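Asks: Provided below are the primary sequence and the corresponding predicted coordinates.
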Amino acid sequence: MFDILWRGIAMGIGATILMDIWAIVLFRAFGQAPANWAPVGRWFWHLGRGKVFHDNIADAEPYRHELALGWIGHYATGIVYGLVLAVLMGPSWLTAPTFIPAWILGIVTVGAGWFLLQPGLGIGWAASKTLNPNKVRALNLLAHTVFAIGLFGTALLIR
């Protein structure tokens, strides 16, 4: 069981790092603003106090360390997803990983952003309150596909 756990943790970290590298590439090549993890940290802070959904997270009481908490939450979420994949797929997949299970998980996890985090931040279900919701949705799907590539690639590296 320890083998599955450390591999899941490593896959989650590796996939999240690749996702962050992808955000840097999008910023440098296309000027796409990278994620600001401070509002996410504020959301996590309020989540711990029982408040899930906000009309606008910017109006919620600030938390002094919200940027750090946002980054921690970002990586903790990636680790949880890596653990889920490792536990669901088990030792046989970990010794011979294939992309499709990682990609399915990556796409499924978009739902947490669309139906929990984004409405929690006050930007609506699946970013419906943003200026260009379809662009946000497409970028979310693309980022989670990159995350899936990171899960798969890390699994290959540590098999």
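Replies: That came in fine, so what should we check first? Numbering: from 1, shown residues only.

Asks: secondary structure element for the residue of the chain positioned farthest from its centre?
Replies: In the chain, counting by C-alpha atoms, centre = their mean, Ser92 sits farthest out from the average C-alpha position, at 25.3 Å. Using DSSP states H and E, Ser92 sits in helix 66-95.

Asks: Report all helices and strands that that helix contacts.
Replies: helix 2-30, helix 37-47, helix 99-108, helix 133-158 (3 or more C-beta pairs under 8 Å, 6 or more residues apart in numbering; DSSP states H and E). Using the backbone N, CA and C atoms, a C-beta is placed for each residue, glycine as well.

Asks: I'd like to know which of those lies nearest to Thr77.
Replies: Proximity to Thr77 (C-beta to C-beta) singles out helix 2-30 among these, at 7.9 Å.

Asks: Could you tell me the angle between that closest one and helix 133-158?
Replies: Here helix 2-30 runs at an angle of 130 degrees relative to helix 133-158 (axes from the mean of the first three to the mean of the last three C-alpha atoms, to 10 degrees).

Asks: Format the helices and strands packed on helix 66-95 as JSON lines; extra columns: mean neighbour count and distance to Ala86.
Replies: Output for the helices and strands packed on helix 66-95, formatted as JSON lines (neighbours: other C-beta atoms under 10 Å; distance: least, C-beta to C-beta, whole Å):
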{"stretch": "helix 2-30", "mean neighbour count": "17", "distance to Ala86": "3"}
{"stretch": "helix 37-47", "mean neighbour count": "21", "distance to Ala86": "24"}
{"stretch": "helix 99-108", "mean neighbour count": "17", "distance to Ala86": "10"}
{"stretch": "helix 133-158", "mean neighbour count": "19", "distance to Ala86": "8"}
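
Asks: Just send those back as CSV, with mean pLDDT and distance to Pro62 too.
Replies: Output for these, formatted as CSV (pLDDT from 0 to 100; distance: least, C-beta to C-beta, whole Å):
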stretch, mean pLDDT, distance to Pro62
helix 2-30, 98, 24
helix 37-47, 98, 6
helix 99-108, 98, 32
helix 133-158, 98, 24
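
Asks: Which of these sits closest to Leu117?
Replies: helix 37-47 (7.0 Å).

Asks: CA-only coordinates of the closest one in PDB, if you can.
Replies: In PDB, the C-alpha atoms belonging to helix 37-47 read as follows (Å, rounded to 0.1, in the frame of the first residue of the first chain):
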ATOM      1  CA  TRP A  37      -4.000  31.500  -6.300                       C
ATOM      2  CA  ALA A  38      -4.700  34.200  -3.700                       C
ATOM      3  CA  PRO A  39      -8.500  34.200  -4.300                       C
ATOM      4  CA  VAL A  40      -8.400  30.400  -4.200                       C
ATOM      5  CA  GLY A  41      -6.500  30.600  -0.900                       C
ATOM      6  CA  ARG A  42      -9.200  33.000   0.400                       C
ATOM      7  CA  TRP A  43     -11.800  30.500  -0.700                       C
ATOM      8  CA  PHE A  44     -10.100  27.600   1.100                       C
ATOM      9  CA  TRP A  45      -9.900  29.800   4.200                       C
ATOM     10  CA  HIS A  46     -13.600  30.500   4.100                       C
ATOM     11  CA  LEU A  47     -14.400  26.900   3.200                       C
END
